[in-house]
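[1] this one's structure only:
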């Protein structure tokens with residue numbers, strides 16, 4: 001009888017594991033799965049914008065009049081180093097567009113903000129300003145150098161979308 005007890009406990013353990021596996025499979029099949037990315041939360045950047053406009057040594061730019069399909073997703077202002085302003089958006093096509101401004105040396109700032117995009121010979125007139133185009137492997141950019149600061153509109157979006165953002169920028 002003692003030998004039979006050991007075989008019975010092994011058999012019971014295997015049956016228990018099989019039953020647990022079967023139940024886990026049933027639960028997996030009947031529980032809905034969503035493998036898509038969670039929707040990005042829209043951020044309200046008004047307070048940070050007011051703070052940046054009070055503290056920065058240059059006119060801080062933010063878009064006005066963009067359709068609701070443009071979703072603000074990130075914002076920050078760092079006055080401790082180069083008065084750095086960042087405002088990130090997802091455009092209606094799901095691409096990323098960011099406004100970056102700083103008093104940092106233009107060459108260093110543009111390289112960082114555009115993630116290494118290279119200056120092209122193409123300029124673009126937007127409003128009464130001339131913007132320089134930059135192209136890169138990851139981001140493209142439109143760059144405006146002004147007295148005391150540099151503005152970069154950059155991201156994975158097309159130049160058409162970058163242009164829409166640059167057209168919407170206001171500093172007041």
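    Good, I have the coordinates. Nothing here was measured: the structure is a model prediction, and the numbers come from that model. Numbers count the residues shown, from 1 in each chain.

[2] Any stretches of the protein with poor pLDDT?
    Scanning the chain for pLDDT under 70 picks out 1-6, 37.

[3] That one: helices as residue ranges?
    2-30, 46-55, 106-113, 159-168 (DSSP state H).

[4] just checking, what packs against the longest one?
    Contacts of helix 2-30 with other secondary structure elements, assessed using 3 or more Cβ pairs under 8 Å, 6 or more residues apart in numbering; DSSP states H and E, are absent: no helix or strand is involved. To be clear about C-beta, it is placed using only N, CA and C from the backbone, and glycine gets the same treatment.

[5] if we can go back for a sec, so which of the helices of the chain comes closest to residue 89?
    Nearest to residue 89 among the helices of the chain is helix 159-168 (7.2 Å), distances taken as Cβ to Cβ.

[6] ok, residue 97 - how many residues close by?
    26 (other Cβ atoms under 10 Å).

[7] wait, what's in contact with it?
    Residues near residue 97 by Cβ atoms under 8 Å, 6 or more residues apart in numbering: 70, 88-91, 153-155, 157, 161-162, 165.

[8] same question, residue 47
    For residue 47, the contact set (Cβ under 8 Å, 6+ apart) is empty.

[9] how near is it to residue 80?
    With distances taken as Cβ to Cβ, to the nearest Å, residue 47 is found 18 Å from residue 80.

[10] Show me what the closest residue to residue 132 other than its chain neighbours is bridged to.
    The shortest distance from residue 132 to any non-neighbouring residue, by Cβ to Cβ, 6 or more residues apart in numbering, is to residue 143 (4.6 Å). Taking DSSP bridges as the rule, residue 143 bridges to residue 132, residue 152.
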